Each structure stands twice: as structure tokens, then as C-alpha cells.
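1. Got a predicted model here, sequence first, then my questions.
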Amino acid sequence: MTRIIEFLIALGIVAGLFVIIGVCLPGERHITESIETNRKMTIVYDTVNSLRRFKDWNPLVLRDPAVDLKLSGPASGVGATLDFSSKDLGNGSWKITESEENKRVVIAVEDPTKGHDKVTTFTLEPTGKGGRNVKITQDYSVKYGFDLFGRYAGLYVSRQIGDDIKMGLSRMANMLATVPNVDYRTAEAPLTDLAIVEVPAEDLLVVNAGNVDRGQDTITKSIKDNQEWIKRVMEANGLEAAGPFRIITTDFGAEKYAFDIAQPVKKKGTEGTAAEELSVKIDGGAPVKYVRAAPHRSAHAAYTGHMAGLDIARNALRAWAVTNGSEVVDRPYESWKDGLDKSFTPEGTYDIYWAVK
């Protein structure tokens, strides 16, 4: 009996100490980590203001590669939500609750760990010479109130959540390094109508222009000469243009430009694109081939300017697509809406396309 009493007294002392220490422990925790990137502010802000690339940087996916992620709400900004479900990690969500352009994004976090009112905030600050780099600071806060077990769990937040934040920021910086460093919202690349669009099936006559010098005269001559071949095939097959010609870029080098010329076509007198492939006969000597392009999704932007600015514009479109969670595939192309001569002036207008998965 005495031993039982001693045991109960000891147990009471332990419980009392547990309560006393728990009450003395902080009722909330706060962690801050930072990293720096040389990507443009627009790219960094759009990355943290959307959850579409969450899987590419957040350690949650490393801890359970089979985790189920589901996006809902707007594509970015307040209300954008990512729900996750995992057999090992449980269920939870990230939801953007505040957003200040190029400055701050606040995200409410729900997960099975102890605590409530969990919030992570990304603060962006220009840094480095001339403010060319961006300092990304991620804060995490959690409240435990009078949950003593939660307060004890808070002792390990720096190691558990803190380590995840460090890893996540490092992975984010590595991910950002793969994005073309072009600001698609400034005069550097004056793009408009940025969107992911559905491109229908098309009938194309295509000529490989080879690898020509990057001078205006050589590019113009190559396009004109190959357009003449395409015109002959169109006339021989009763075809007409179904839109402006396009240039498909293979490589835009420092001195050389490798590209194809493509002309969308249709049977004369018909409306729209044929439901089935055209029957096109091409003489053996013509360097033209007929291509039935399958319908696909594509990143799209409108651009106005000299043809020489198209390389930056293409990279800007790719940067926008990748930042918004799309992976570009194949080669980019532009529809030269004003014909050849005007495209070598500041008034040239183009529709730029880059297919995405």
C-alpha cells in the first residue's frame, strides 16, 4: 500500500511539473528563414502567389511522393488553394489569404501537427547591386493556446518545420534558376494577352530554311525564296492561305538563325480547317512538306515590335508558362500578322505560341 501511495505521489509530482513547465512554455512559435535568388521580381512573386509549382519546391512531396495534391479557387492570389491528402502525413491545405504585388504573400496552413492559426508568409525584398536580386523570407507562426501538449511540441518546431522551410527555400531557388530570367510584365518584353489556349488541328506547308546568317537581308531572302516554293505547291493543289505565315524557331544563335517557314492552308473556297487531312501532292524537287498538326494546348502571347525582339519575347512567354506551372514542349513559333516587310519595323505584330504538356 505504501508503495502505491509513493507511486501516486511521484506521479502527481511529475504531472505537476508537466503542467508548471507547460504553462511556462511559449503559447506560440515563430520561425524565419531567408534565401536569395537572381531571378526577376515578377517571376519570384508569381511563383509564391500561386500554388501551381508547390510540388516542385515544397518538401511535403519528398516525404510522401504519393501525396495527392488538388488545386482549387483562382489560379493565383487570394483564394488560391491547395489541398493535400496522404496516408502517411494526413490531410491538410495551403490557402492564400493575403497578397501584395511584389512584396508579400500570406498563406493559411492546415495540417495534422499540433497548434492552430498556422500561417506562413513570404516577404520579397529587392537586394544586391541595383536591387537586381530578390531576398525571399519565409516566416511561419503557430499558436498553441492552453494546449500543453502543443506547447511541448513547439520545442521541436525549429527542427521539424524549420528544417522543412530551409529545404523548401533552397529547392525554390534551384527551381527558379531554371526559369528564363525575363520580366514578362515590363518593356523588356512587352507581351499582352498571356494565356494558355487550345490550338485546333491545322494543315501546314513547311520548308526548312536551314541555318542562315542573322542579318535582315539573309533572313528576308530565305523567307521570300521558301515562300515561293510554298506558293507553287498551293497553286498545284488548289489551296489557299488559312492565316498568316509563321516562323518556327529551332535555334536563335549569336550569328546564325535556324528556322522553318510554315503556311497554314485550306482548300480554296472552304471555311476553317478541314476535318480530315488534305491530299497534297508535292513534286520531287520542291523542298516543301505537308504537315497535319494535331490539336494541342499552347502558351500564347501577342507581341508588337521589331522581329529582332522576338527571341526575348519567346523566352518571356516560356518564363510566364513555367512560372504558372506549365511545361513547354516542342519548338516555339510566331504568326507574322503584318507580313514580311513590316515585321522588320517597330510596328510589326505577332502571335507567339509555345506548346505545353
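-> All right, it came through fine.
2. ok, Val48 - contacts?
-> Val48 makes contact with 105, 122, 124, 136, according to C-beta atoms under 8 Å, 6 or more residues apart in numbering. Heads up, the C-betas are built off the backbone N, CA and C, glycines and all.
3. for it, phi and psi?
-> Backbone dihedrals for Val48, given as degrees, to the nearest 10, come out at phi -80, psi -20.
4. and the gap between the closest residue to Asn226 other than its chain neighbours and Ser343?
-> Of all residues not flanking Asn226 in the chain, Val207 sits nearest, at 4.1 Å (C-beta to C-beta, 6 or more residues apart in numbering). According to C-beta to C-beta, to the nearest Å, Val207 and Ser343 sit 17 Å apart.
5. May I ask you to confirm that Asp193 belongs to a strand?
-> Yes. Counting by DSSP: H, G, I helix; E, B strand; the rest coil, Asp193 is found in a strand.
6. In contact with it, which residues are there?
-> Residues in contact with Asp193, defined by C-beta under 8 Å, 6+ apart, are 300-302.
7. Dump those residues to TSV, plus neighbour count.
-> TSV is the format used below for the contacts of Asp193 (neighbours: other C-beta atoms under 10 Å):
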residue	neighbour count
His300	20
Ala301	24
Ala302	17
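8. Show me which of these is closest to Leu169.
-> Nearest to Leu169, judged by C-beta to C-beta, of the contacts of Asp193 is Ala301 at 29.9 Å.
9. Just put the contacts of Val48 in JSON lines and tack on neighbour count and pLDDT.
-> Converted to JSON lines, the contacts of Val48 look like this (neighbours: other C-beta atoms under 10 Å; pLDDT from 0 to 100):
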{"residue": "Val105", "neighbour count": "25", "pLDDT": "98"}
{"residue": "Phe122", "neighbour count": "22", "pLDDT": "97"}
{"residue": "Leu124", "neighbour count": "22", "pLDDT": "98"}
{"residue": "Ile136", "neighbour count": "24", "pLDDT": "97"}
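10. Look up the residues forming beta bridges with the residue lying closest to Asp111 once chain neighbours are set aside.
-> In this structure, Asp111 finds its nearest non-sequential neighbour in Gly92, 3.6 Å apart by C-beta to C-beta, 6+ apart. Gly92 has these beta-bridge partners by DSSP bridges: Phe84.
11. give me the number of residues near Gly92?
-> 17 (other C-beta atoms under 10 Å).
12. now swap in Glu202 and tell me
-> Residues near Glu202, counting by other C-beta under 10 Å: 20.
13. How about Thr120?
-> For Thr120, the count of nearby residues is 20 (other C-beta under 10 Å).
14. In the protein, where is pLDDT below threshold?
-> 1-28, 144-160, 188-189, 272-276 (pLDDT under 70).
15. hey, where'd the helices end up in the stretch 101-250 of the chain?
-> Using DSSP state H, counting those that start in this stretch, the helices of the stretch 101-250 of the chain run over residues 148-153, 157-176, 216-236.
16. Now distance to Asp338 too, for the ones you listed, in JSON lines please.
-> Below are the helices of the stretch 101-250 of the chain laid out as JSON lines (distance: least, C-beta to C-beta, whole Å):
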{"stretch": "helix 148-153", "distance to Asp338": "64"}
{"stretch": "helix 157-176", "distance to Asp338": "35"}
{"stretch": "helix 216-236", "distance to Asp338": "13"}
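17. Dump the contacts of Asp193 to TSV, plus distance to Ala319.
-> TSV is the format used below for the contacts of Asp193 (distance: C-beta to C-beta, whole Å):
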residue	distance to Ala319
His300	14
Ala301	11
Ala302	16
